[in-house]
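Asker: sequence unknown, structure follows:
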């Protein structure tokens with residue numbers, strides 16, 4: 001689908017993945033309603049979509065199928081055709097198909113009853129529903145056969161097809177911390193800066209933090225600093241777009257040193273700047289920046305550290 005729809009009707013065979021599609025669209029910022037009674041369909045479609053706080057109208061996905069009250073496929077087809085001539089709220093139609101054998105397997109594994117055959121074998125309900133939905137299948141400009149797709153694969157296809165340029169981007173956070181005070185909760189990626197020489201053991205630098213120029217210069221002068229940090233930046237440039245493509249809403253990057261006041265703070269600031277240059281909008285936090293320096297936490301191992 002090359003142009004985004006303001007309203008999308010998602011239909012298809014029970015068990016073909018409608019719930020997965022609606023959940024994925026919801027994650028993309030769509031408003032979703034499943035099994036809306038058909039008596040309310042016209043009322044909803046005739047009402048103009050409200051303007052959101054960002055000045056744009058929300059995109060609406062409606063799930064319709066055999067479980068919908070008063071379901072009438074031909075009526076839905078006619079309503080979609082009527083909407084195609086409405087420039088204000090164009091209506092899209094997505095049909096989810098699947099082979100009979102795969103649907104039977106899914107119903108067997110989940111032990112669910114088919115909505116059109118509650119007291120008969122699933123194959124009977126599948127056959128009845130396929131006949132019922134034939135008008136919708138023929139009218140749908142886009143069909144997805146989910147027979148060989150996992151839920152992950154289906155969600156990925158929906159993200160690629162319907163995300164558009166206004167899709168919510170992955171929220172990236174960069175946090176510095178001290179290992180001596182524990183790992184941050186929920187960190188996805190953790191990088192340990194304890195291999196760098198420690199400003200804590202330089203009397204003139206000890207009271208400062210990684211935000212200070214003299215502390216930053218001392219850390220950056222370590223021969224291992226530039227090769228290591230530049231490789232981390234390259235790794236993040238590779239990983240973050242892949243996380244976004246997989247639909248990961250949040251990525252938390254944690255940069256640690258011993259106390260969380262010097263090395264991790266400076267490196268976190270540099271990583272955040274490089275992510276901004278790469279087109280991301282990270283938030284930066286320093287969990288232990290306000291903690292008092294303590295020799296007992298720093299575990300001095302040599303005069304240089």
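Answerer: That came through, no problem. Every value quoted in this text rests on a predicted model; they were computed, and no experiment measured them.

Asker: quick one: the helices in the stretch 51-200 of the chain, in order.
Answerer: Under the criterion DSSP state H, counting those that start in this stretch, the stretch 51-200 of the chain contains helices at 73-84, 100-110, 122-132, 134-139, 151-162.

Asker: distance to residue 38 and mean pLDDT added to those helices, as TSV?
Answerer: No exception for glycine: its C-beta is placed from N, CA and C like everyone else's. Below are these laid out as TSV (distance: least, CB to CB, whole Å; pLDDT from 0 to 100):
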stretch	distance to residue 38	mean pLDDT
helix 73-84	7	81
helix 100-110	24	89
helix 122-132	13	91
helix 134-139	13	92
helix 151-162	24	83
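
Asker: any idea which of those gets closest to residue 39?
Answerer: Closest to residue 39 of the helices of the stretch 51-200 of the chain, according to CB to CB: helix 73-84, at 10.6 Å.

Asker: and that closest one, what does it pack onto?
Answerer: Using 3 or more CB pairs under 8 Å, 6 or more residues apart in numbering; DSSP states H and E, the elements in contact with helix 73-84 are strand 7-12, helix 38-46, strand 91-97, helix 134-139.

Asker: ok, 7 Å please
Answerer: With contacts defined as 3 or more CB pairs under 7 Å, 6 or more residues apart in numbering; DSSP states H and E, helix 73-84 has these neighbours: helix 38-46, strand 91-97, helix 134-139.

Asker: what about the stretch 201-305 of the chain, any weak spots by pLDDT?
Answerer: Of all residues in the stretch 201-305 of the chain, those with pLDDT under 70 make up the ranges 296, 298-305.

Asker: make it 50
Answerer: Along the stretch 201-305 of the chain, segments meeting pLDDT under 50 span 302-305.

Asker: so which residues of it form helices?
Answerer: According to DSSP H, counting those that start in this stretch, the helices that the stretch 201-305 of the chain contains are 213-220, 225-245, 263-277, 295-298.

Asker: what's the most buried one of these?
Answerer: For the helices of the stretch 201-305 of the chain, average neighbour numbers computed from mean count of other CB atoms under 10 Å are highest in helix 263-277, which has a mean of 22.

Asker: chain center to that helix: distance?
Answerer: Counting by CA atoms, centre = their mean, to the nearest Å, helix 263-277 is centred 23 Å from the centre of its parent chain.

Asker: which strands or helices does that helix pack on?
Answerer: Using 3+ CB pairs under 7 Å, 6+ apart as the contact test, the elements touching helix 263-277 are strand 171-178, helix 213-220, helix 225-245, strand 250-257, strand 283-286.

Asker: could you dump these to JSON lines with distance to residue 268?
Answerer: Output for the helices and strands packed on helix 263-277, formatted as JSON lines (distance: least, CB to CB, whole Å):
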{"stretch": "strand 171-178", "distance to residue 268": "4"}
{"stretch": "helix 213-220", "distance to residue 268": "12"}
{"stretch": "helix 225-245", "distance to residue 268": "11"}
{"stretch": "strand 250-257", "distance to residue 268": "4"}
{"stretch": "strand 283-286", "distance to residue 268": "6"}
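
Asker: can you check which of these gets nearest to residue 130?
Answerer: Closest to residue 130 of the helices and strands packed on helix 263-277 is helix 225-245 (CB to CB; 33.3 Å).

Asker: rewinding a little: tell me which of the helices and strands packed on helix 73-84 lies nearest to residue 211.
Answerer: strand 91-97 (50.1 Å).

Asker: which elements pack onto the closest one?
Answerer: Counting by 3+ CB pairs under 7 Å, 6+ apart, the packing neighbours recorded for strand 91-97 are strand 7-12, helix 73-84, helix 134-139, strand 142-145.

Asker: helix or strand right after the first one?
Answerer: To tie it back to what came earlier, the one meant is strand 7-12. Sequence order places helix 18-27 as the next helix or strand after strand 7-12, per DSSP states H and E.

Asker: output the contacting helices and strands for the very next helix or strand once past that next one.
Answerer: Next helix or strand after helix 18-27 toward the C-terminus (DSSP H and E): strand 31-34. For strand 31-34, the packing partners by 3+ CB pairs under 7 Å, 6+ apart come out as helix 18-27, strand 60-63.

Asker: a markdown table please, covering those and showing distance to residue 119, mean pLDDT and mean neighbour count.
Answerer: Listed next are these as a markdown table, based on distance: least, CB to CB, whole Å; pLDDT from 0 to 100; neighbours: other CB atoms under 10 Å:
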| stretch | distance to residue 119 | mean pLDDT | mean neighbour count |
| --- | --- | --- | --- |
| helix 18-27 | 23 | 91 | 20 |
| strand 60-63 | 25 | 91 | 22 |
